[in-house]
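model this:
(chains A and B)
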Amino acid sequence: MVKLRLPDGRELEAKIGESILEQIPPESGLVAKVDGRLVDLTWIVREGVGTIEVLNFNSPEGRETYWHTSSHILAQAVKRLFPDAKLGIGPAIEEGFFYDFDLGGRSFSPEDLERIEGEMRSIVEENLPVVREEMEREEAIKLFRSMGEVYKVELLEEMDEDVVSVYRQGEFVDLCRGPHLPYTGYVKALKVLHASSAYWRGDERNPVMQRVYGISFPTEEELKRYLKMREEARKRDHRIVGPQLDLFSMPSELIGPGLVIWHPKGARIRRVIEDFLVRVHLKWGYELVYSPHIAYTNLWRTSGHLSYYRDFMYVFEKEGIEHAVKPMNCPFHILVYKSKRRSYRELPMRLFELGTVYRYERSGVLHGLLRARGFTQDDAHIFTTPEKLEEEIFRVIELDEYLMRSFGFEEFKVEISTWDPRHPEEYMGSEEDWNRAQYALEEALRKKGYEYEVMEGEAAFYGPKIDVKLVDSIGREWQLSTIQLDFNLPKRFNVTYVDADGNEKTVIMIHRALLGSIERFFGILLEHYAGNFPLWLAPVQVRILPVAERHLDRAREVLDRLLSAGIRADLDDARGTLGYRIRESELEKIPILLVIGDREVESGKVAVRRKGKGNLGSMDLDVFLREFTEEFLPPDLRGGSSTF
RNA sequence: GCCCCGGUAGCUCAGCUCGGUUAGAGCGCCGCCUUGGUAAGGCGGAGGCCGCGGGUUCGAAUCCCGCCCGGGGCUCCA
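Numbering: from 1, shown residues only, chains lettered A, B, ... in the order given. Next up is the predicted model:
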């Protein structure tokens, strides 16, 4: 007896020898899972299999199938409109699907995309059955060769399988592992999103394919909601919001691509962040250092970076000596350490710098603040003994968590990159070094109670590392913190300490950047909050709005009180209607507005308006200050003795 | 770096297909009026190397070529 479980949890007894599709309510599922394997709904139920689980759009497999069939519909539409197009591949992706086509040198215009979308709708309308067919690989090669599908032939020729599957819908046939929806009519709402180009199999030596992206859903409402969310994400794009709020700009045509100028308001936020970082690091036992922006290229020859990093460095010559703008801070921190002989008693030594570096990133990868050519790392290098490594890692993770929570991020994902034990020759350091270090990393995470994923073979040749990703307010993941162990630089620079036994030993070095880059972090923060920074970060925390010019005197008194209390406040000039000025301030995303009119002048109170909450009513200025004292302050200064 | 698309006022965009009056709109900015109570008061005005350079033409924002910059991807990210 075989059970059949529907997406709503109901269980039926499956009839042997009939397809799943015939036995379930119409359109109640998309695909099924049998013994861990995904099958088409047209699959014929056999004796002796486990429970058949029918999946719908709410499951990842259901969505993937939905989008995969959608991509076939896309390909079919393109073949109808552009019979000469050669098919590449067309998978479902995290959100939606794409299909690659070789158009023989031309590309799709926006009008083409509209026609394609229209043709896709026709194919859905035709409700074509999607039929799986298995055949010998050789037979498939013949089939696709006869159709002129050279890319399919190439894929087939590289496959190991003797038998492959193809899927047919109407006149269209595609090489595909499946599974698929039973009919094209299962796709209810679809949208062709955009086209771009991509290389066949991601290799720029290969021909260029035209890639068309699309999305589809079981209902129009879901499609609409998706498109609206896309629009939301686009609207909070830091490259739009940043200049809009007058925080920064990147006038690349004047100063070059990938470089940022910080406007007063952005600079205020940045300064608050940097001051916070410096205070916290000092509290956590780091020492603050500074290092120059340029040095002889020889320095990076010693570190070994120059040979394979040179193309990414800004190199120039003065009086016959080659200099470079620093692409990293590590060698300088090593030189601080090496300025004298060090004892084990001094370790761990933690050197912290807000170090601005420049890297000549390839133009195609630049992306606003998220990938710039000049950026400032919250960079530290920790020199430690092997004995203290684990505790030190633990402390770094603890600091990292404190910082992330302070900035309003609650969800983290942690990965450890380890070496590939099958190829120890590709790595620097002994097996003992690696095992001990990797154990220390894992042990520190376990003690912290973090779940983590081990990425075997992902480590750099010079040491294992921990990566921390965080999840933002709209569910996107960002790789931020890196804690990287280094067995290489200490050897190259001969970085040692004298141990308790009087012997000179090589230190273990930890590179760590927790926010990563201030620019990038700022961009992520801006999108995370959609410009609505929490009170402690807001560039203008309070704006005072006099109702009319006759209230300006009192408004100035209030301003003085706020400024001397250390609050970032400004004063509106009382021109124009109050409604208009409130609207302006709301658009500037100022968190608190204090309205002062006749009533307030008379009573000595202020009318408080909080962004997102509206009018909170009037209160005494002292009460207001007391109420918000904590919130105005950076997290590390709250709950202390500071008073207004 | 490679492929595709784009660049018009401070911002968002129309005009370009098919070359031809003085290149437009909304917002913003400036001025005047309005003295206003929690998201847009009224009237007027200024503002353009139509990305840069070259070519075709009697004539180029518009057509062609090169470059710069941006966007979407591919790739890379020790």
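
I figured A:E125 hits A:V187, correct?
No. In this structure, A:E125 is not within contact of A:V187 by CB atoms under 8 Å, at 10.4 Å. C-beta: built from backbone N, CA, C; applies to glycine.

once you drop chain neighbours, what's closest to A:E133?
A:V166 (5.3 Å; CB to CB, 6 or more residues apart in numbering).

show me what that neighbour is bridged to.
A:E133, A:L175 (DSSP bridges).

likewise for A:D467?
A:E415, A:T482.

what do you get for A:G614?
A:R610.

still on that earlier bit, so which of A:E125 and A:V187 has more stuff around it?
A count of neighbours by other CB atoms under 10 Å puts A:V187 above the other of A:E125 and A:V187, at 22 against 10.

could you pull out the helices for the stretch 301-450 of chain A?
Taking DSSP state H, counting those that start in this stretch, the helices of the stretch 301-450 of chain A run over residues A:305-309, A:330-337, A:389-406, A:431-448.

next, the buried residues of the first one.
Put plainly, it is helix A:305-309. For helix A:305-309, the neighbour count (16 or more other CB atoms under 10 Å) marks A:305-306, A:309 as buried.

before we move on, what about stretch A:308-326?
If you call a residue buried by 16+ other CB under 10 Å, then stretch A:308-326 has these buried ones: A:309, A:313-314, A:323-326.

now, which of the residues you listed sits nearest RNA strand B?
A:Y309 (3.7 Å; CB to the nearest atom of the strand).

surely the closest one and A:W300 touch.
Yes. Between A:Y309 and A:W300 there is a contact under CB under 8 Å: 7.2 Å.

which neighbours do these two have in common?
Here A:Y309 and A:W300 have A:P327 as joint contacts, going by CB atoms under 8 Å, 6 or more residues apart in numbering.

around RNA strand B, which positions in the stretch 501-644 of chain A sit nearby?
A:547-550, A:574-580, A:582-583, A:586-587, A:593, A:595-600, A:607, A:609, A:611, A:614-615, A:618 (CB under 7 Å from any atom of the strand).

and the stretch 51-200 of chain A, which of its residues are near RNA strand B?
So the stretch 51-200 of chain A meets RNA strand B at A:107, A:194-199 (CB under 7 Å from any atom of the strand).

so where's chain A shaky on pLDDT?
For chain A, the stretches flagged by pLDDT under 70 are A:105, A:640-644.

now do the contacts for the residue of it found nearest RNA strand B.
Nearest residue of chain A to RNA strand B: A:G364, at 1.7 Å (CB to the nearest atom of the strand). If you count contacts by CB under 8 Å, 6+ apart, A:G364 has none.

distance check, it against A:S249.
Going from A:G364 to A:S249 by CB to CB, to the nearest Å gives 21 Å.

in a markdown table, list the helices of the stretch 301-450 of chain A along with distance to A:E346.
Shown next, in a markdown table, are the helices of the stretch 301-450 of chain A (distance: least, CB to CB, whole Å):
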| stretch | distance to A:E346 |
| --- | --- |
| helix A:305-309 | 27 |
| helix A:330-337 | 9 |
| helix A:389-406 | 14 |
| helix A:431-448 | 20 |
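
what's the most buried one of the ones you listed?
helix A:330-337 (a mean of 21; mean count of other CB atoms under 10 Å).

give the helix, strand or coil label for A:E161.
Following DSSP: H, G, I helix; E, B strand; the rest coil, we place A:E161 in the coil state.

count the neighbours of it for me.
11.

report the separation between it and A:D174.
A:E161 is 16 Å from A:D174, by CB to CB.

how far does stretch A:199-207 sit from its chain's centre?
25 Å (CA atoms, centre = their mean, to the nearest Å).

quick one: contacts of that stretch?
For stretch A:199-207, contacts defined as CB under 8 Å, 6+ apart pick out A:88, A:100, A:102, A:151, A:208-209.

among those residues, which are located in helices?
Taking DSSP state H, the ones among the contacts of stretch A:199-207 that sit in helices are A:Y151.

neighbours around the nearest residue to A:E149 once chain neighbours are set aside, how many?
When the adjacent residues along the chain are set aside, A:E149 lies closest to A:L87, with 5.5 Å between them (CB to CB, 6+ apart). A:L87 has 25 neighbouring residues, counting by other CB under 10 Å.

who's A:L87 bridged to?
Note on A:L87: beta-bridge partners by DSSP bridges are A:F101.

is it in contact with A:K152, as I believe?
Yes. With contact defined as CB under 8 Å, A:L87 reaches A:K152; the gap is 6.2 Å.

if we can go back for a sec, pull out the buried members of the residues of the stretch 501-644 of chain A next to RNA strand B.
A:547, A:574, A:582, A:593, A:595-597, A:600, A:607, A:609, A:611, A:618.

which residues do A:L87 and A:K152 both contact?
A:D174.

what's the burial count for A:K491?
A:K491: 16 neighbours (other CB under 10 Å).

for it, give me phi and psi.
When read as degrees, to the nearest 10, the backbone of A:K491 gives phi -70, psi -50.

for it, give me its contacts.
Residues near A:K491 by CB under 8 Å, 6+ apart: A:428, A:506.

now A:S107
So A:S107 contacts A:195, A:197, A:210 (CB under 8 Å, 6+ apart).

give me that answer again for 10 Å
A:101, A:195-197, A:208, A:210 (CB atoms under 10 Å, 6 or more residues apart in numbering).

closest one of those residues to A:L559?
Set against A:L559, the nearest of these by CB to CB is A:S196 (51.2 Å).

shouldn't that closest one be in contact with A:V212?
Yes. The criterion here is CB atoms under 10 Å, and A:S196 meets it with A:V212 at 8.7 Å.

quick one, which of those two is more surrounded?
Legend: neighbour count by other CB under 10 Å for A:S196 and A:V212, higher for A:V212 (26 against 12).

quick check: A:L21 is in a helix.
Yes. Under three-state DSSP, A:L21 sits within a helix.

list the contacts for the closest residue to it other than its chain neighbours?
In space, and not counting its chain neighbours, A:L21 is closest to A:L41: 4.2 Å by CB to CB, 6+ apart. A:L41 sits next to A:19-24, A:27-32, A:52, A:54-55, A:65, A:130, A:179-183, A:186 when contact means CB under 10 Å, 6+ apart.

quick check: phi and psi on A:L41?
phi -70, psi -20.

and it, how far from A:D35?
According to CB to CB, A:L41 and A:D35 sit 16 Å apart.

A:A295 is in contact with A:V325, isn't it?
Yes. Using CB under 10 Å, A:A295 and A:V325 qualify as a contacting pair, with a distance of 8.8 Å.

so what's A:L347 up against?
Residues in contact with A:L347 (CB under 10 Å, 6+ apart) are A:337, A:382-385, A:387-388, A:392, A:497, A:499, A:507-508.

alright, I will stop here.
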